[in-house]
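J.: Need a 3D model of the sequence below.
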Amino acid sequence: MIGQGRVVGVILILVGLVLGVVAGLWLLSNVASGQLQTTGFILGLALVLIVLVAPTLGAGAFLLIRGREEAREFAEVEKEKRVLNMVQTQGRVRVSDVALELDVSRDQVKDYIYDLVGKGLFTGYIDWKEGVLYAKEAAEMETNKCPNCGATREFVGKGIVKCEYCGAELFL
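T.: Below is the predicted model:
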């Protein structure tokens with residue numbers, strides 16, 4: 001469940017603070033009633049802080065920070081899914097339209113595309129001169145001809161082939 005780490009982190013921080021306040025008030029009341037000396041108060045307060053409050057606050061802070069990072073990562077994955085859905089449903093989409101739709105830069109769209117190719121989720125090609133991204137079925141991509149201009153293409157790496165003539169990048 002997304003964001004659960006943040007919720008648990010906030011709860012742990014609140015529990016740690018409440019524990020510290022309750023223990024501190026209890027120790028103060030014992031000092032005021034004469035049942036506890038000042039040195040006992042200091043020792044008790046140090047133990048409460050070290051044993052109860054600090055670990056609870058630390059764990060809460062860790063979960064809160066990690067939950068925020070996970071939420072950011074999830075937002076990036078959602079944007080990648082939107083890029084993939086746009087290309088697959090339309091078959092052909094302009095990179096600038098994708099960037100506007102997602103409110104990101106063209107370079108970020110390029111990173112999303114490369115990440116999707118690296119994960120094996122997208123096949124197609126992109127014509128960087130025209131700024132158009134094409135979805136193609138894998139069977140159509142298995143020839144050594146560029147679907148954009150018909151020239152011979154060369155393997156660049158990890159599912160990416162680049163046309164020497166027009167510069168189109170094909171994602172296999």
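J.: Determine the number of other residues adjacent to R106.
T.: When counting by other CB atoms under 10 Å, one arrives at 13 neighbours for R106. Backbone N, C-alpha and C define where each C-beta goes, glycine included.
J.: Look through this protein and tell me its longest helix.
T.: Ranked by number of residues, the top helix in the chain under DSSP state H is helix 54-90.
J.: next structured bit after that one?
T.: The C-terminal neighbour of helix 54-90 among helices and strands, as given by DSSP states H and E, is strand 92-94.
J.: Pull the distance from that next one to the chain's centre.
T.: Averaging C-alpha positions (CA atoms, centre = their mean, to the nearest Å) puts strand 92-94 25 Å from its chain's average.
J.: May I have the strands that pair with it, each with its orientation?
T.: The partner list of strand 92-94 in its sheet, established with DSSP bridges, is strand 132-135 (antiparallel).
J.: Other residues contacting the strand it pairs with?
T.: 87-88, 90-95, 98, 113, 122-127, 147-148 (CB atoms under 8 Å, 6 or more residues apart in numbering).
J.: at 10 Å what do you get?
T.: With CB atoms under 10 Å, 6 or more residues apart in numbering as the test, strand 132-135 has contacts from 83-84, 86-98, 109-110, 113, 122-127, 140, 147-148, 168-171.
J.: how near is the most centrally placed residue in the chain to D127?
T.: In the chain, the C-alpha nearest the mean C-alpha coordinate belongs to E73, at 0.7 Å (CA atoms, centre = their mean). When CB to CB, to the nearest Å is the yardstick, E73 and D127 sit 30 Å from each other.
J.: And the longest helix of the chain, how far out from the chain middle?
T.: The gap between where helix 54-90 is centred and where its chain is centred comes out at 4 Å by CA atoms, centre = their mean.
J.: try stretch 112-126
T.: On the basis of CA atoms, centre = their mean, the separation between the geometric centre of stretch 112-126 and that of its chain is 18 Å.
J.: Just the C-alphas of it, formatted as CSV.
T.: Taking Å, rounded to 0.1, in the frame of the first residue of the first chain, the C-alpha atoms of stretch 112-126 are listed here in CSV:
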residue,chain,number,x,y,z
TYR,A,112,11.0,7.3,-19.4
ILE,A,113,11.2,5.7,-22.9
TYR,A,114,14.6,4.2,-22.3
ASP,A,115,13.6,2.9,-18.9
LEU,A,116,10.5,1.2,-20.4
VAL,A,117,12.7,-0.3,-23.2
GLY,A,118,15.2,-1.5,-20.6
LYS,A,119,12.3,-3.2,-18.7
GLY,A,120,11.1,-4.9,-21.9
LEU,A,121,7.8,-3.1,-21.7
PHE,A,122,8.0,-1.1,-25.0
THR,A,123,8.8,-1.8,-28.6
GLY,A,124,8.7,0.8,-31.3
TYR,A,125,10.8,3.6,-32.6
ILE,A,126,11.3,7.3,-32.2
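J.: Right, I'll leave it there.
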